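Undergrad: Give me coordinates for this.
(one chain, ligands or ions: 1)
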Amino acid sequence: MRVLITGHQGYLGTVMVPILRDAGHEVTGLDSGFFADCVLGPAPADPPGMRVDLRDVTVEQLTGFDAVIHLAALSNDPLGALAPQITYDINHHASVKLARLAKAAGVRRFLYASTCSVYGAAGEDLVTESAPLRPLTPYAESKVRVEYDVAAMADESFSPVFLRNATAFGFSPRLRADIVLNNLVGHAVLTGDVRVLSDGTPWRPLVHARDIAAAFLLALEAPIDRVHCAAYNVGTESNNLTVAEIAQSVVDVVPGAKLLITGETGGDPRSYRVDFSAFREALGFKAKWSIPDGAAELYKEYVAAGLTADDFANKFTRLAHLKSLQADNVVDESMRRITTDV
Ligand SMILES: NC(=O)c1ccc[n+]([C@@H]2O[C@H](COP(=O)([O-])OP(=O)(O)OC[C@H]3O[C@@H](n4cnc5c(N)ncnc54)[C@H](O)[C@@H]3O)[C@@H](O)[C@H]2O)c1
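TA: As a prediction, this is how the structure comes out:
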């Protein structure tokens, strides 16, 4: 298939592109390039791409594709809290416009990167796709609004599918240090401590970046009736762990690391355990990566690449890097690129 992937120069996109290409798909990227140079280790081979802000996409740029995989977003809660209106502009309004233009351009399939954080505070019970959505942050709220608005566009010519991914982990050449397992392993490597600021009790479902890529490939190639306007949780029940359990898996792989549960931020209302059976049953999805295996992979990659504390805190932390792009006048206060050559 001819596939346009937005956010192809992000953490997940950089892992997904080679998996789509290896499966025989013709892949084109679209990204504002905020993190294009935020690479750990050898530079990845990007597909042909357009450096375009999502808010400026045109119908011509979407013409000729069989599918759009939409990953581009301001991708986490701290970013959303810093600039809620920009988060809604990019993550909600521009995403809905992208879907509308894709439909107008004759694109049949639209795969959307949603998140399990749409469930918000869900307590101890496993949540299925039909559970009430209780987003707790502008980021999660923006994802709910896209699902709602884009579902309303579905018809025989346009089949959106909403993949509600668990929190990702694992190595990507365009690393993110601000997601829980990647963060804990990095701190352990750099300081010797595995430091948990909450009381360790919140549940976090996790899934490896390569398993997310495999899930998108499955949905891309699925019979259309299995994905048409469906929402699926993407992950595996065995990776529903508490933050304390995730931290313990880091202690187990980083030599000499010590566990510190400081509790200084108290409990965290974002706690949810997720049921992943619907996607497994509809499409046979099986996540391959466990958290201990992911922690071991990250440890190996960080040590091999000589990860530094400065890069960990700045280059690979989404909020810090975007602030530095603003300070350097690469992007303006609305996160639009001022220069195109950096
Ligand atoms: N990583 C996770 O744990 C996780 C979990 C669930 C869902 N998701 C979703 O998956 C998607 C990808 O996540 P990621 O971890 O790769 O994030 P990321 O921040 O690494 O990548 C996002 C990409 O989008 C691009 N982008 C941002 N704003 C843009 C704009 N206005 N115009 C064009 N491009 C823009 C960035 O340059 C970046 O390359 C996001 O939609 C995110 O919400 C991620």
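
Undergrad: my guess is residue 291 contacts residue 239, does it?
TA: Yes: Residue 291 is in contact with residue 239 according to CB atoms under 8 Å; the separation is 5.8 Å. (Each C-beta comes from the backbone N, C-alpha and C, glycine too.)

Undergrad: Name the residues contacting each of the two.
TA: residue 206 (CB atoms under 8 Å, 6 or more residues apart in numbering).

Undergrad: Please name the bridge partners of residue 2.
TA: residue 26 (DSSP bridges).

Undergrad: Surely residue 260 is within a helix?
TA: No: secondary structure assignment (DSSP: H, G, I helix; E, B strand; the rest coil) places residue 260 in strand, not in a helix.

Undergrad: Tell me how many other residues surround it.
TA: 13 (other CB atoms under 10 Å).

Undergrad: how far away is it from residue 191?
TA: In this view, residue 260 and residue 191 are 10 Å apart by CB to CB, to the nearest Å.

Undergrad: Also residue 74?
TA: 28 Å.

Undergrad: These two: which has the busier surroundings?
TA: Between residue 74 and residue 191, counting by other CB under 10 Å, residue 74 is the more crowded of the two (23 against 12).

Undergrad: Check the burial of residue 299 by counting its neighbours.
TA: When neighbours are counted by other CB under 10 Å, residue 299 comes out with 20.

Undergrad: for it, phi and psi?
TA: Dihedral angles of residue 299 (phi, psi; degrees, to the nearest 10) stand at phi -60, psi -50.

Undergrad: Skipping adjacent residues, who's closest to it in space?
TA: residue 253 (5.1 Å; CB to CB, 6 or more residues apart in numbering).

Undergrad: any idea how far that neighbour is from the ligand?
TA: As judged by CB to the nearest ligand atom, to the nearest Å, residue 253 and the ligand stand 20 Å apart.

Undergrad: which residues does that residue contact?
TA: 185, 292, 295, 296, 299.

Undergrad: how far away is residue 256 from residue 299?
TA: Counting by CB to CB - residue 256 and residue 299 are separated by 12 Å.

Undergrad: for residue 204, helix, strand, or coil?
TA: Per three-state DSSP, residue 204 ends up strand.

Undergrad: Hmm, it is touching residue 245, no?
TA: No: taking contacts as CB under 8 Å, residue 204 lies outside contact range of residue 245: 9.1 Å.

Undergrad: Who has more neighbours out of the two?
TA: residue 204 (26 against 13).

Undergrad: ok, that one - contacts?
TA: 166, 167, 180, 240, 241, 242, 243, 246, 271.

Undergrad: Report the beta-bridge partners for the second one.
TA: When bridges are taken as DSSP bridges, the partners of residue 167 come out as residue 206.

Undergrad: Quick check: it touching residue 202?
TA: No: using CB under 8 Å, residue 167 makes no contact with residue 202, being 11.3 Å away.

Undergrad: contacting residues for the closest residue to the ligand within the stretch 201-342 of the chain?
TA: At 5.2 Å from the ligand, residue 318 is the closest residue in the stretch 201-342 of the chain, using CB to the nearest ligand atom. Residues in contact with residue 318 (CB under 8 Å, 6+ apart) are 35, 74, 75, 76, 78, 79, 176, 178.

Undergrad: Check the residues you listed and tell me the two furthest apart.
TA: 35 and 78 (15.3 Å; CB to CB).

Undergrad: of the two, who's got more company?
TA: residue 35 (24 against 14).

Undergrad: Which positions in the stretch 151-300 of the chain make contact with the ligand?
TA: 165, 167, 168, 176, 179 (CB under 6 Å from any ligand atom).

Undergrad: neighbours of the residue nearest to the third one when sequence neighbours are not counted, just the number please.
TA: With CB to CB, 6+ apart as the measure, residue 209 is the residue that lies nearest to residue 168, at 4.9 Å, once sequence neighbours are left out. Residue 209 is flanked by 25 other residues according to other CB under 10 Å.

Undergrad: In this structure residue 40 contacts residue 311, no?
TA: Yes: in this structure, residue 40 is within contact of residue 311 by CB under 8 Å, at 7.4 Å.

Undergrad: Just want to know which of these two has more residues nearby.
TA: residue 40 (21 against 17).

Undergrad: What separation do you get for that one and the ligand?
TA: 13 Å.

Undergrad: For the ligand, what is the nearest residue in this structure?
TA: residue 10 (2.1 Å).

Undergrad: residues in contact with that residue?
TA: Counted by CB under 8 Å, 6+ apart, residue 10 has contacts 31, 35, 71, 72, 75, 174.

Undergrad: Now the last one. Nearest residue, chain neighbours left out?
TA: This means residue 174. Nearest one to residue 174, counting by CB to CB, 6+ apart, is residue 14 at 4.4 Å.

Undergrad: Would you confirm that the one you found contacts residue 171?
TA: No: with contact defined as CB under 8 Å, residue 14 does not reach residue 171; the gap is 10.3 Å.

Undergrad: before we move on, back to that, what phi and what psi does the backbone show at the residue of the chain closest to the ligand?
TA: According to degrees, to the nearest 10, residue 10 has phi -100, psi -170.
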